[in-house]
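how would this look folded up:
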Amino acid sequence: MSVIFWLKLSGLALLIMIINIATSILEVFAYSLLVPGQPESFYSAHAQLSAPWVATIGGAVWMFVFTRQFIIKNEMHRLMYAVALPSVYLAMDLIIMYATVPDFLNEPGWVIAATTARYTGSLMAYLISDRAAVAQQQ
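This next block holds a predicted model:
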């Protein structure tokens, strides 16, 4: 694998992080429209509760979407990509979380759940695409 491949993969992992943050912001915005007239602290509390859920579910969906796109366009290194993308995302996520919230590992449940969901999404894209490719060859 070339350095360019890993740089693109890192950029994509960062893009998925940005999309996850934007998704969380949109969710809180939608919630504020559904429950209007509350103080800002109410919406901040909701954001603290909903962000891990939105990031976990959204992370799995975006890993699936981007892995599937890669697999459709490329013949080689499909499984490696399906494993490497969530791995690079995890490494970046741990570095960012440690830098911003050093005690984040006091509650490892969300880290484990979100990581498992991301790997599941990416590997499901690989399995679905791989089976489709085998079926087309027959």
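
what strand or helix carries the residue nearest the centre of the chain?
With distances taken as CA atoms, centre = their mean, G59 lies nearest the centre of the chain, 2.5 Å away. Taking DSSP states H and E as the definition, one finds G59 inside helix 40-73.

now do that helix: distance to the chain's middle.
Its chain's average C-alpha position is 6 Å from that of helix 40-73, according to CA atoms, centre = their mean, to the nearest Å.

so what touches the helix or strand just after it?
Downstream of helix 40-73, the next assigned helix or strand under DSSP H and E is helix 78-100. Here helix 78-100 makes contact (CB atoms under 8 Å, 6 or more residues apart in numbering) with 1, 6, 9-10, 12-14, 16-17, 59, 63, 66-67, 70-71, 74, 104, 111, 114-115, 118-119, 121-123, 125-126, 129-130. In this view, the C-beta of every residue, glycine as well, is placed from N, C-alpha and C.
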